Every structure is written in C-alpha cells, then in structure tokens.
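Colleague: Generate coordinates for the sequence data below:
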Amino acid sequence: MAAALAAHTEEPRIRWFDEHATTAVEAARLLGVDVGAIANSLVFELDGEPLLVMTSGAHRVDTVWLGEQLGGVIRRAKPEVVAAATGQVIGGVAPVGHPAPLRTVVDADLAAYPEIWAAAGHARTVFPLTFDQLVAITHGQVLPVQPPA
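Modeller: Numbers count the residues shown, from 1 in each chain. Presented below is the predicted three-dimensional model:
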C-alpha cells in the first residue's frame, strides 16, 4: 500500500495502530481527532457496478438520496464484491491501490477539515491527507452524501 500511496502523495505517512480501528469512531479515538475528520471508505454498488464513497465519519450515507443524485440505485456491496473491487478487506479499504480504478464520490463535508485521515489498506493503518489530495488521488466526484438539512 505504501507504494500505491507514494504514487499519489509526496510522502505517505502511514500510521499503524496497536489495535484494529474498523470504525470512524475507533480511528478518531486512537488519533485524538474529531470523528468528522475520518474519511470512511465505503463500497457500494451503483446499478451493479462498484462505487467507492469516501464519507466523513460524522454521518451516514443516504443511499436512496445519493443514488438519485447519481441517477441510479445504490446498494451496500457484499464483502466478496468489496474484496474483488478493492483488493482489500472491509474496515481497511484505502482510497487507492485497487486492481482497477473505481468510480468514487468524495463527501463534500470532508472539505471542512484541514487534515483528514483515511485507511491505508488494513484495519490497523491510516494516513493523513488534505481534502484536495483525496479528491485528486481518487479522481472523485465531490458531492454531499446526505440531503441538505
């Protein structure tokens, strides 16, 4: 994963935890940051095709609403679909390093944080980056993942 990250960032600073951090709340606790600064990597299927959603740990993806914004139907991907699409396991999916490029949505709310943290391919690893870097490395489409309040 370090090589995949190095291809997209100047100097990937992968941080290893002593314990698994499979949720945004756990990662935020271990890092001492706001849960909203955690960029969750969630894999869905949009009309049967893998879709990576990088969402703020502060909220959930409204799959019905987001599907409407994208012009299709979103369903949670099964673990075997996640593994095939990303080459990684649920709980540690990184925004890069996949066997093939994935259509990606980046949660607009992540822009509020000067530094965000994403998984680095394993449930015990994360790395910091900026919102602009996340959008650049994923070639992601910036959208809200919930309807406006």
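Colleague: Report the central residue of the protein.
Modeller: Nearest to the mean C-alpha position of the chain, by Cα atoms, centre = their mean, lies residue 41 at 2.5 Å.
Colleague: can you tell me the helix or strand for it?
Modeller: Residue 41 is part of strand 38-46 when elements are defined by DSSP states H and E.
Colleague: next SSE after that strand?
Modeller: strand 49-56.
Colleague: who does that next one touch, helix- and strand-wise?
Modeller: strand 38-46, helix 79-86, strand 103-107, helix 131-138 (3 or more Cβ pairs under 8 Å, 6 or more residues apart in numbering; DSSP states H and E). Quick note: C-beta positions are derived from backbone N, CA and C, even for glycine.
Colleague: hmm, try it at 6 Å
Modeller: In terms of contacts (3 or more Cβ pairs under 6 Å, 6 or more residues apart in numbering; DSSP states H and E), strand 49-56 is packed against strand 38-46, strand 103-107.
Colleague: now the shortest one against strand 38-46, angle please.
Modeller: Relative orientation of strand 103-107 with respect to strand 38-46: 140 degrees, computed using axes from the mean of the first three to the mean of the last three Cα atoms, to 10 degrees.
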